[in-house]
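Chemist: return atomic coordinates for the entry below.
(one chain, ligands or ions: 1)
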Amino acid sequence: MADDKLTAQETKEQVLWVAQEMLRSGLVEGTAGNVGARLPDGNAVLTPSSLDYLEMTLDDLVVCDLDGNVLEGERSPTTEKALHLSALRLHENIDATMHCHAKHATMFALVREPIPAVIEEFDVFVGGNVEVAEYRTTGTDELADEVASRVATKACVLMANHGLFAVGKTPKDVLHIASLVERTAEIVWGARALGSVVPLPDEVNQTFSGYYRYGRTGKF
Ligand SMILES: [Zn+2]
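Modeler: I've put the predicted structure just below:
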C-alpha cells in the first residue's frame, strides 16, 4: 500500500537498525523481542532467535516464506516467528511487525487493562485504545492467531502477561508506534497517580482514530 516501498536491502537494513534501536531505547532487555518485515517478493525477513542485538549483522537475519519455511540465513528465526508471519499473512496493508516487552505497556498487560487513547496523537497513530489479547503461551500458533487477529484496524495490541505487538508500513513505523504506546502507557500510569484521567470527547476519538483506519484500509 505504501507508494514508497523499500527495496529488499533497505528492508533488511531497517529491520536490523530497528531491532538494535528497540534494545537501545529500552523496549526490551537482552535478546528479547523480535522484528519482522515483508520483502518486495512477498517473503518475510525476521530477526534470529537469541542473538545479541548489538552484535547482529545483516547476515544474521533470516528470510522465510509466509508459511515459515526458511529460505535464507544460517540461524533459526525468532521463536515468535508464527506471530510475525501470521500478521503479515492476515493483513496485506501492513509490511512490518515488532514484538517487545516495553515496561509500562507490559504493566497494563499484567493487569489486563487496555491502554486508553486519551491523547490525540495516540488515536491518529495507533487507531484507538490498545486492547489486551487473550493469554496464550509464548511461541505457539495459538498465540499467533489470537494476537495477529487483533491488529486489523489498530497498530498495536497487548499480549496478556507478556508484552506488546505492533504493526506498520515499515520497521521504522513500528518502532515509532511501539515507542508511542510505551510513552503513553507511562503517561497514563503517572497521570493516574495525580488524579483521574479525563477521556477525550467521543467525537474526537472517533475522528482521530478514523484517520488511522483510513490510512490502513482506505475507509473511515
Ligand atoms: Zn516476548
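
Chemist: how much space between the residue positioned nearest the centre of the chain and V18?
Modeler: Closest to where the C-alpha atoms of the chain average out (Cα atoms, centre = their mean) is A166, at 1.6 Å. Going from A166 to V18 by Cβ to Cβ, to the nearest Å gives 11 Å. Every C-beta, even on glycine, is put in place using the N, C-alpha and C of the backbone.

Chemist: before we move on, what about A105?
Modeler: Counting by Cβ to Cβ - A105 and V18 are separated by 17 Å.

Chemist: try T11
Modeler: Separation of T11 from V18 (Cβ to Cβ): 10 Å.

Chemist: and for those two, which residues touch both?
Modeler: P171 (Cβ atoms under 8 Å, 6 or more residues apart in numbering).

Chemist: who are the packing partners of the strand or helix carrying Q9?
Modeler: Counting by DSSP states H and E, the element that carries Q9 is helix 8-24. On a contact count with 3 or more Cβ pairs under 8 Å, 6 or more residues apart in numbering; DSSP states H and E, helix 8-24 meets strand 34-38, strand 44-46, strand 96-100, helix 171-194.

Chemist: do that again at 7 Å, thanks
Modeler: Judged by 3 or more Cβ pairs under 7 Å, 6 or more residues apart in numbering; DSSP states H and E, helix 8-24 is in contact with strand 34-38, strand 44-46, helix 171-194.

Chemist: the ones you listed: which one's closest to E142?
Modeler: With Cβ to Cβ as the criterion, E142 lies closest to strand 34-38 of the helices and strands packed on helix 8-24, at 17.6 Å.

Chemist: partners of that closest one, with directions?
Modeler: For strand 34-38, the pairing partners within the sheet under DSSP bridges are strand 44-46 (antiparallel), strand 96-100 (antiparallel).

Chemist: okay, those strands in TSV with mean neighbour count and mean pLDDT next?
Modeler: Putting the strands paired with strand 34-38 into TSV (neighbours: other Cβ atoms under 10 Å; pLDDT from 0 to 100) gives the following:
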stretch	mean neighbour count	mean pLDDT
strand 44-46	28	98
strand 96-100	29	98
